[in-house]
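>>> how would this look folded up:
(one chain, ligands or ions: 1)
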Amino acid sequence: MAAQNGSGNGEHGARDLDVVVVGAGFSGLYLLHRLRGLGFSAKVLESADDVGGTWYWNRYPGARCDIESIDYSYSFDPELETEWHWSERYATQPEILRYLGHVADKHDLRRDIEFSTRVVSARWDDAASLWHVRTDRGGEIRCRFYVMATGCLSLPKTPDIEGADRFRGASYYTGRWPHEGVDFTGKRVGVIGTGSSAVQSIPIIAQQAAQLTVFQRTPNFSRPAHNGPVSPAKKARFDADPAAYREAARWSGAGVPLEIPLEGALQVSAEEREARYEAAYASGDLLAAGSTFADLLSNRAANETLCEFLRNKIRSIVRDPETAEALCPKDHPYGTKRPCIDTNYFETYNLPHVRLVDLRKDPITTITETGIDTAARSFEFDIIVFATGFDAMTGAIVAVDITGRGGQELADKWAHGPVTYLGLTTHGFPNFFMLTGPGSPSVLSNMAVSIEQHVDWVSDCIASMRDQDLTVIEPTATAEAAWVQHVNDYGDITLFPLANSWYMGANVPGKPRVFLPYIGGVDRYRKACDEVVEQDYLGFAFEGPGGPRCHDGVIRRLQPDVAILLETMATLDLPTMESMSPEEARAFSVAMSAERPPGPDVGEIVDATLPGAAGELAYRLYRPASPGPHPIVAYFHGGGWVFGSVDSDDPFCRDLCVRSDAIVVSVDYRHAPEAPFPAAADDGFAAVRWIAANAEALGGEPGRLAVCGWSAGGNIAAVVCRLARDAGGPRIDGQVLVTPVTDCDLTRPSYVENADGYILTAPLMRWFWDHYADPAERTDPKASPLRAADLSRLPPALVVTCEFDPLRDEGTAYAEAMAAAGVEVRHRPCRGHIHTSLTAVDMILSGAPIREEMGGALRRFFGASVPA
Ligand SMILES: Cc1cc2nc3c(=O)[nH]c(=O)nc-3n(C[C@H](O)[C@H](O)[C@H](O)COP(=O)(O)OP(=O)(O)OC[C@H]3O[C@@H](n4cnc5c(N)ncnc54)[C@H](O)[C@@H]3O)c2cc1C
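Numbering: from 1, shown residues only. Modelled structure (predicted):
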């Protein structure tokens, strides 16, 4: 497989190798070891003059890891577990650097590393299927595979402050610290920045400096690290079975074995919440606070409880109230910027020679020859420390001039944000891999675990190509676009986009604002990567004597929260509803409903009854908190005409009420099989007539009425619109049909594709129809509205269909049929959703924007001017 018969000098003084790896940190070292073990010729090129990466460059005072060293270490070599002993819970930079040096020595890695060598360009040669890699030393290496192990946090950000190079005193970057150290004794020191590096270094600089001034733009959440010797309990747990411990880390969310509770922060009492936060605070574990409750990174109100707890801790430590308040983060939810753990960080601000300058109030105007000028003051310094962070995740990659197929530059391809398949590869750049690249868990995890996973995946991939006589691998555009979508879908259901963080690229002026890492977790990510391989490298195209071949496709198509819900339900091993009697199914539906979040508060809720077609029907009225009178939405619940009630769809109705700013009257109707077809439709129409006639008494605006329904309720809403048209009233302003039943034909492709696995199954739909209507009756337009001869003059409609729903195609067909009949219709297909997605308020967060569209559609039906 060697590019030209193994390593050695090729034509024109160029050398040919199987693999060139850039970077000799945690990633590059392990990759070199693996590649060598597999018999590949490989070289690592490293701009530093030794191994270590992050731990080579970041020698600032106080630099240490903040994931416990037991976890933040290699697992590939079991001997390391016994021969290396961490002296502290969080090892210092020198100790981690020694560790990496030890690994390099033990595995004799240095002989294949070229130090003090910066890679400046890499160009893909399509004709030869090789990369041409150039360095600042002028040489060129040709290689079959080119791997960037250049680190997520390796390119320090140049400070965007005027006059930064004017200062005549000494200035230092935390990410490029001098090897001989810096003596701050008796000096006047300014530190710019309050991120992780600043939080670690400030307390130590303060011990030496005569004066220390900290310039803060964004305060950070930090908690005491309680550093010390490795905890005996943790060590014992690890030593009991290191292999099992490591395996648990590989299949954990963050790369560290942790118990994640199922409850949300607002589901427990204030005392319980406080107690759990106190325990997390006392633990000194970076990951403990964010994993106290299940919803801290998705629910703003839940997150705020933790924020306020941590702010109160700051207020209790820092004596000057103004300084304390300035140190309290208020502009971002906890966890959406990288939180810190510290040793005496906040206490340092109580020292008389330490002061904080809040740049939000008093911004830096310029750096001068003698110090720093802010809008209000001038400061004189002997030393300025720039703790201004990194051009994270993409910076070091695009700093190299990488040219792929057809002369495409990677920097151009990524001009609007990085685009990758699995965070490992990118379309148009064959045989190119990134370790911990954008679109992988990387910085949101214990990186030692994520690095090993990537190294193993890439090494195994290259080895498997060799075995199959394949020489070129490239992700397909389809697979890549879908992965980017999946990464964004995950980001969108979290609070991360709310923060101006380096996770979002927001710390670098001009950098596109996209969520860079993959938030789905190390475990789910690993599963996706494994499944890609199991499915014959799904989404990759191969060339070579053994090819060409390509199994194109998409590895993750469901919305992430839908996938999690289905995973959770699968573990419950629930019986199928079609195996139950109607009574059992009803009881089961009630029990399931009791478990879910309640939905938003509304102004008022009233339970009452109204006359149906054959007796009283219960209804529940939801009134908005805004002053009335309001338009009215008559709503019909789902449940296959067999079960469901005003209770079953309560959260959805609350949500609809809030988003539409209309009264929602959720009406029960008689259920099959006791009251079969056409009882439900007749009750629906009777209810709508009654609501229209009694609008004023209900607090509504007479003459402003819409209908809405979900599933079988969508069927009733659709039918009612036609009955009202034919009966000459009442007038209906609009209809919102959410994944409606519109036809009795159960053979459409969506029935076949989604027959099973997405909660509403084809057998369950059959069970519903069997209870509701005799086969001869099912084609009646009162049961199958799609079969109506005339669909013209119906109210304007929003028809919502979900991709993984047996009912998808009949909903689409109904929207198309109404549109063909001249009805104003908007069809909203929902990518990655299932039949039950949209009514699962506060469970399926990705459904919220679609529910907002439903609310908007209703408001538009009622005449409000709402942007489409
Ligand atoms: C101060 C600090 C503390 C951290 N603490 C933790 C922690 O506790 N837990 C955790 O999980 N992660 C932590 N991280 C993240 C850390 O970066 C990773 O854990 C890990 O060290 C990354 O290893 P790497 O080999 O992928 O990249 P790096 O260690 O960044 O190594 C990349 C190497 O590539 C070289 N390079 C880059 N471009 C070129 C080029 N063009 N030519 C030649 N060489 C090049 C660089 O010189 C560098 O040596 C921390 C990061 C920092 C900055």
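>>> could you say which helix or strand holds residue 833?
strand 825-834 (DSSP states H and E).
>>> list the buried residues of that strand.
For strand 825-834, the neighbour count (16 or more other CB atoms under 10 Å) marks 825-828, 830, 832-834 as buried. Yep, even glycine has a C-beta here, placed from its N, CA and C like the rest.
>>> repeat that for stretch 352-371.
Going by neighbour count (16+ other CB under 10 Å), the buried part of stretch 352-371 is 354, 356-359, 364-365, 367-368, 370-371.
>>> mean confidence score for it?
On average, the pLDDT along stretch 352-371 is 97.
>>> residues making contact with that stretch?
The set of residues external to stretch 352-371 that reach it, using CB atoms under 8 Å, 6 or more residues apart in numbering, is 161-164, 166-169, 190, 192, 206, 209-217, 323, 326-327, 348-349, 372-381, 384.
>>> again, but for stretch 538-558
In this structure, residues lying in contact with stretch 538-558 by CB under 8 Å, 6+ apart are 129, 421, 425, 430, 465, 468-476, 478-480, 482-483, 486, 528, 531-532, 535-537, 563, 566, 803-804, 832, 834.
>>> same question, stretch 372-388
Counting by CB under 8 Å, 6+ apart, the neighbours of stretch 372-388 from elsewhere in the structure are 60, 156-157, 159, 164, 167, 169-174, 182, 184, 187-195, 197-198, 201, 205, 213, 215, 357, 359, 362-368, 370-371.
>>> which of the residues you listed fall in helices?
Judged by DSSP state H, helices contain the following of these: 197-198, 201, 205.
>>> residues from the stretch 651-800 of the chain in reach of the ligand?
If contact is defined as CB under 6 Å from any ligand atom, none of the residues of the stretch 651-800 of the chain are in contact with the ligand.
>>> can you give me the helices for the stretch 651-800 of the chain?
If you assign secondary structure with DSSP state H, counting those that start in this stretch, the helices in the stretch 651-800 of the chain sit at 679-693, 712-727, 749-753, 762-772.
>>> narrow the contacts of stretch 538-558 to those that are buried.
Under a neighbour-count criterion of 16+ other CB under 10 Å, the subset of these counted as buried comprises 421, 425, 430, 465, 470-476, 479-480, 482-483, 486, 528, 532, 537, 563, 803-804, 832, 834.
>>> quick one: which of the ones in helices among the contacts of stretch 372-388 is nearest residue 697?
residue 198 (64.2 Å; CB to CB).
>>> what sits against that closest one?
With contacts taken as CB under 8 Å, 6+ apart, residue 198 has the following neighbours: 174, 191, 214, 385, 387.
>>> selecting buried members of these in ChimeraX, what would you type?
Listed next is the ChimeraX selection for buried residues among the contacts of residue 198, using 16+ other CB under 10 Å:
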select :174,191,214,385,387
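>>> save the contacts of residue 198 as CSV, and put in pLDDT too.
Formatted as CSV, the entries for these read as follows, by pLDDT from 0 to 100:
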residue, pLDDT
174, 96
191, 98
214, 98
385, 97
387, 95
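>>> so which of the contacts of residue 198 belong to strands?
Judged by DSSP state E, these include 191, 214, 385 as members of strands.
>>> including distance to the ligand, could those residues go into TSV?
Rendered in TSV, the data for these read as follows (distance: CB to the nearest ligand atom, whole Å):
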residue	distance to the ligand
191	15
214	18
385	14
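>>> hmm, residue 698 is touching residue 663, no?
Yes. Using CB atoms under 8 Å as the test, residue 698 is close enough to residue 663 to be in contact (6.4 Å).
>>> quick one: which of these two has more around it?
With neighbours defined as other CB atoms under 10 Å, residue 698 and residue 663 compare such that residue 663 has more, 29 against 22.
>>> count of residues packed around the nearest residue in space to residue 184 that is not next to it in sequence?
Of all residues not flanking residue 184 in the chain, residue 208 sits nearest, at 3.9 Å (CB to CB, 6 or more residues apart in numbering). Taking other CB under 10 Å as the criterion, the count of residues near residue 208 is 15.
>>> please identify the helix or strand for residue 584.
With DSSP H and E as the test, residue 584 turns up in helix 582-594.
>>> quick check: angle from that helix to helix 762-772?
Using axes from the mean of the first three to the mean of the last three CA atoms, to 10 degrees, one finds that helix 582-594 and helix 762-772 are set 120 degrees apart in direction.
>>> going forward, begin numbering at 41 instead of 1
Okay, using 41 as the starting number, the last item reads as helix 622-634.
>>> tell me which residues are up against helix 622-634.
Applying CB under 8 Å, 6+ apart, the external contacts of helix 622-634 come out as 615, 617, 620, 679, 682-684, 687-688, 690, 711-714, 811.
>>> any idea which helix or strand comes after it?
Next in line after helix 622-634, if elements are assigned by DSSP H and E, sits strand 644-652.
>>> give me the sheet partners of that following strand and which way each runs.
When pairing is defined by DSSP bridges, strand 644-652 lines up against strand 655-663 (antiparallel).
>>> need the CA coordinates for the strand it pairs with. CSV is fine.
What follows is strand 655-663, C-alpha atoms only, in CSV (Å, rounded to 0.1, in the frame of the first residue of the first chain):
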residue,chain,number,x,y,z
GLY,A,655,-75.1,13.6,24.4
GLU,A,656,-72.8,15.8,26.4
LEU,A,657,-69.1,16.0,25.5
ALA,A,658,-66.4,17.1,27.9
TYR,A,659,-64.3,20.0,26.7
ARG,A,660,-61.4,22.0,28.2
LEU,A,661,-60.9,25.6,27.4
TYR,A,662,-57.5,27.3,27.4
ARG,A,663,-57.5,31.1,27.6
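>>> tell me which residues in that strand are buried?
Neighbour counts using 16+ other CB under 10 Å place 657-663 of strand 655-663 among the buried residues.
>>> how far does that strand sit from the chain's center?
Distance of strand 655-663 from its chain centroid, counting by CA atoms, centre = their mean, to the nearest Å, is 40 Å.
>>> just checking, what packs against the helix or strand just after that strand?
Past strand 655-663, heading to the C-terminal end, the next element that is a helix or strand (DSSP H and E) is strand 670-676. Helices and strands in packing contact with strand 670-676 are listed as helix 690-700, strand 703-707, helix 719-733, strand 740-750, helix 752-767; criterion 3 or more CB pairs under 8 Å, 6 or more residues apart in numbering; DSSP states H and E.
>>> which parts of the stretch 491-640 of the chain are helices?
The residue ranges that make up the helices of the stretch 491-640 of the chain, judged by DSSP H, counting those that start in this stretch, are 517-532, 562-574, 600-612, 622-634.
>>> which one of these lies nearest to residue 104?
Among the helices of the stretch 491-640 of the chain, helix 562-574 comes nearest to residue 104, with 22.2 Å by CB to CB.
>>> re the thing from before, which one of the helices of the stretch 691-840 of the chain is the most hemmed in?
Ranked by mean neighbour count under mean count of other CB atoms under 10 Å, the helices of the stretch 691-840 of the chain are led by helix 752-767, which reaches a mean of 25.
>>> quick check: angle from it to helix 719-733?
Using the same axes, to 10 degrees, one finds that helix 752-767 and helix 719-733 are set 60 degrees apart in direction.
>>> okay, the buried residues of strand 655-663 in a markdown table with distance to residue 474 and pLDDT next?
Shown next, in a markdown table, are the buried residues of strand 655-663 (distance: CB to CB, whole Å; pLDDT from 0 to 100):
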| residue | distance to residue 474 | pLDDT |
| --- | --- | --- |
| 657 | 61 | 98 |
| 658 | 59 | 98 |
| 659 | 58 | 98 |
| 660 | 54 | 98 |
| 661 | 56 | 98 |
| 662 | 50 | 98 |
| 663 | 54 | 98 |
